[in-house]
Structure formats: structure tokens, C-alpha cells
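Chemist: Here is my input; please provide its structure:
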Amino acid sequence: MSRRRILVINPNSSASVTAAIDDAVAPLRIAGGPDIEVTGLPEGPPGISSQRDADSVVMPLVNRVTRDDADAFVLACFSDPGLHAVREAAGGRPVMGIAECGIFRALMLGERFGVIALSPSSIRRQQRMARVMGVDSRYAGSWSVGASAAETAGADIRGRLIDAARALVTQCRADVVVMGCAGMVSHRAAIAEAIGVPVVEPAQQAVAAAIGAVLLNA
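Modeler: Down below sits the predicted model:
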């Protein structure tokens with residue numbers, strides 16, 4: 001029997017974001033567990049900064065999943081682009097969106113969650129997502145750091161991420177913070193220590209859910 005495999009797809013073309021995701025999921029590469037492969041989408045935009053960007057990668061993602069024999073997939077962008085179309089294309093294999101998984105995890109940790117957003121346009125998409133998921137009554141809001149996905153993978157932005165997270169807690173009354181871009185993964189522990197409430201890194205949560213689905217055949 002061949003070893004089972006999870007494919008994590010960063011749907012933009014930023015190599016630094018893909019590398020950050022790969023580092024973040026490293027602790028989930030466990031003995032006896034499935035292989036975890038992280039890849040980018042070369043034909044994707046440098047970052048998913050608008051609804052048009054999100055829509056532009058739907059068919060490339062569908063095509064990528066259709067021709068791959070992975071046992072499960074993770075869409076590593078907080079817009080969850082093409083999530084339902086990709087699930088159709090996967091033919092019953094699990095497909096996890098990091099926003100969906102991150103938000104569900106946040107609901108287990110507190111009463112009101114807030115999201116660190118890249119930009120004002122990201123906030124609008126997150127507002128729609130909370131409404132569509134039916135969790136808007138527990139959505140405290142989003143706070144923009146005015147950055148690209150690639151910028152969030154670097155060290156220089158950490159202070160802005162902490163400031164945004166602190167504003168979500170003190171001004172929006174969130175008691176859980178969700179990181180709203182896969183590129184932010186390396187900053188989770190520092191943000192949590194600075195603000196004193198749980199901080200959810202959604203790519204890790206989505207990969208953990210995919211591991212469970214694969215191991216349980218669920």
C-alpha cells in the first residue's frame with residue numbers, strides 16, 4: 001500500500017509564503033502519519049488581495065486537484081478560493097479551507113473571534129465569509145495591517161501584526177484572534193504572548209483536520 005499524502009496548495013505564486021507554510025506544518029509530519037507536501041501555484045497572482053484574485057485561481061486549483069492523486073487537499077489561503085468547486089473536483093477526497101478550519105477552531109476557544117486582515121478588501125471578504133458560515137454573531141471584526149501576503153512572511157511586520165491583534169482584543173472585544181493570511185504563520189507565538197489570548201494559525205488547523213480525515217478515512 002502506498003504511503004498516504006496530503007497536498008497543501010498555496011494559491012499564489014509567492015515562494016516566501018509557500019516556504020512559511022511548509023515550515024508551519026513541519027510539526028505535523030508525524031511518524032505513521034501521511035506525507036505532507038506544500039506547493040505554490042505558479043500561475044497564481046503574487047497574493048490574493050481582491051475578490052478578482054480569489055476568483056482567478058479557482059479553475060487552476062480545480063485543474064491541479066483533478067490531476068493529482070493526493071488523499072486530501074488543503075487550500076492555504078484565507079479567502080478559501082474555490083473551496084466548493086475544488087471539493088467537487090476532488091471526487092469525495094477531503095478538501096480543507098484554512099479560513100473555514102481556522103474559524104471553527106476559534107469558536108472552540110472563545111466567544112468572539114477577530115481576524116488580522118491584510119487589507120480593507122480582505123476585511124470585506126471576511127465579513128461575507130462570517131455571514132455565509134452563519135457565525136457573524138460571534139465575529140468581532142477584522143483589523144487590517146495594510147500589507148501583502150509576501151510581506152507578512154518577513155520579520156519586519158511583526159509589530160504591526162501585534163498591534164492589529166491587540167486592537168481586535170481591546171477595541172473589538174475579541175477573545176480569540178485568527179491570523180488572516182497563511183504568510184503570517186511564523187508570528188503566531190509572538191502575537192499570542194504579546195496579547196494574552198489564544199491565536200489561531202489556520203493553515204496548521206486545516207492540515208491537522210486533513211490528517212484526521214485521512215487516518216480515519218472520514
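Chemist: okay, CA-based contacts and neighbour counts for the rest of this
Modeler: Will do.
Chemist: Which pLDDT value belongs to Ala150?
Modeler: Looking at Ala150, its pLDDT is 85.
Chemist: can you count the residues close to it?
Modeler: For Ala150, the count of nearby residues is 21 (other CA atoms under 10 Å).
Chemist: Repeat that for the one 4 residues further on.
Modeler: Around Gly154 sit 16 other residues, with neighbours defined as other CA under 10 Å.
Chemist: Could you grab the helix/strand/coil label for it?
Modeler: coil (DSSP: H, G, I helix; E, B strand; the rest coil).
Chemist: Between the two ends of stretch 35-51, what distance do you get?
Modeler: In stretch 35-51, first residue to last residue: 32 Å (CA to CA, to the nearest Å).
Chemist: Can you give the distance from it to the centre of its chain?
Modeler: Remark: stretch 35-51 is offset 11 Å from the chain centroid, using CA atoms, centre = their mean, to the nearest Å.
Chemist: Show me the contact partners of that stretch.
Modeler: For stretch 35-51, the surrounding residues in contact (CA atoms under 8 Å, 6 or more residues apart in numbering) are 3-15, 18, 21-22, 25, 29, 53-54, 56-57, 60, 77, 79, 118-119, 121-122, 125, 148-150.
Chemist: Can you list which of those are found in helices?
Modeler: Among those, the members falling in helices (DSSP state H) are 15, 18, 21-22, 25, 53-54, 56, 60, 121-122, 125, 149-150.
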